[in-house]
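> Predicted model and sequence follow; I will ask about them next.
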Amino acid sequence: MKPTETLKAEHRVIEQMLDLTEEAARRLAAGHPVTPALFERAADFFRNFADRCHHGKEEALLFVKLVEKGVPQDGGPVGVMLAEHDTGRAHVRAMSAAARRLATGEAAAAREVVEQALGFVALLRAHIQKEDQVLFPLADRILTTGEQAELEQAFDLVETEDMGEGEHERYHGMVHDVRQELRAAAGWRGFVR
Ligand SMILES: [Fe+2]
Ligand SMILES: [Fe+2]
């Protein structure tokens, strides 16, 4: 598999958690009960699967290679992607902190959870679209077959060494669990994809 295909496949998993986070935030905003722990689990997924693993591959490997090949970092597409990763981290931190306050009974924190969650969902959806439609096709054009194979090997090392065996599967399982929890809580009121 090409390195950009691996990253795109990860985008599809991240999008599933974005859909669930949006659904949870909209329910909380409408006054329906949503456990704060659900947002904490989403934050865990975004911190580890989306940021440490996926953004790790982009920032430490793909983007570095693109800059080496002449794609400008500052003021160029790589710089924009890096800045968006940072903005995303701030949203996840704030969402998680507000979810913890909500869990201790501070009802007013619900609004902050909703705002940060929806802000993050919108940011990351647009970010993923830019990578899929602009940056990755550019990478496919300028990286040689050999460079792509090297990147793919380096990606495999991130999986086994940085993340640890089985971690990917655990985060796939987490998407499933959050979906089940939302479905169970929705009862007759609604449905979750
Ligand atoms: Fe990214
Ligand atoms: Fe990405």
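Good, I have the coordinates. Ligands and ions are numbered 1, 2, ... in the order given.
> Would you mind confirming that Thr87 makes contact with Leu123?
Yes. With contact defined as CB atoms under 8 Å, Thr87 and Leu123 form a contacting pair (6.0 Å). Where C-beta positions appear, they are placed from N, C-alpha and C, glycine not excepted.
> Sketch out the low-pLDDT regions of the chain for me.
187-193 (pLDDT under 70).
> Apply 80 and report the result again.
Along the chain, the model assigns pLDDT under 80 to residues 162-163, 165, 185-193.
> Report the central residue of it.
Most central in the chain under CA atoms, centre = their mean is Ala50, positioned 3.6 Å from the mean C-alpha point.
> Can you classify that one as helix, strand or coil?
Per DSSP: H, G, I helix; E, B strand; the rest coil, the secondary structure class of Ala50 is helix.
> what about it, distance to Ala107?
Distance of Ala50 to Ala107, computed by CB to CB, to the nearest Å: 29 Å.
> Ok, Arg52 next?
According to CB to CB, Arg52 and Ala107 sit 32 Å apart.
> out of the two, which sits in the busier spot?
Between Arg52 and Ala107, counted using other CB atoms under 10 Å, the more crowded position is Arg52 (15 against 8).
> Report the contact partners of the more buried one.
By CB atoms under 8 Å, 6 or more residues apart in numbering, the contact set of Arg52 is Asp162, Met163.
> still on that earlier bit, so between Thr87 and Leu123, which is more surrounded?
Between Thr87 and Leu123, Leu123 has the larger neighbour count (other CB under 10 Å), namely 17 against 13.
> Many thanks, have a good one.
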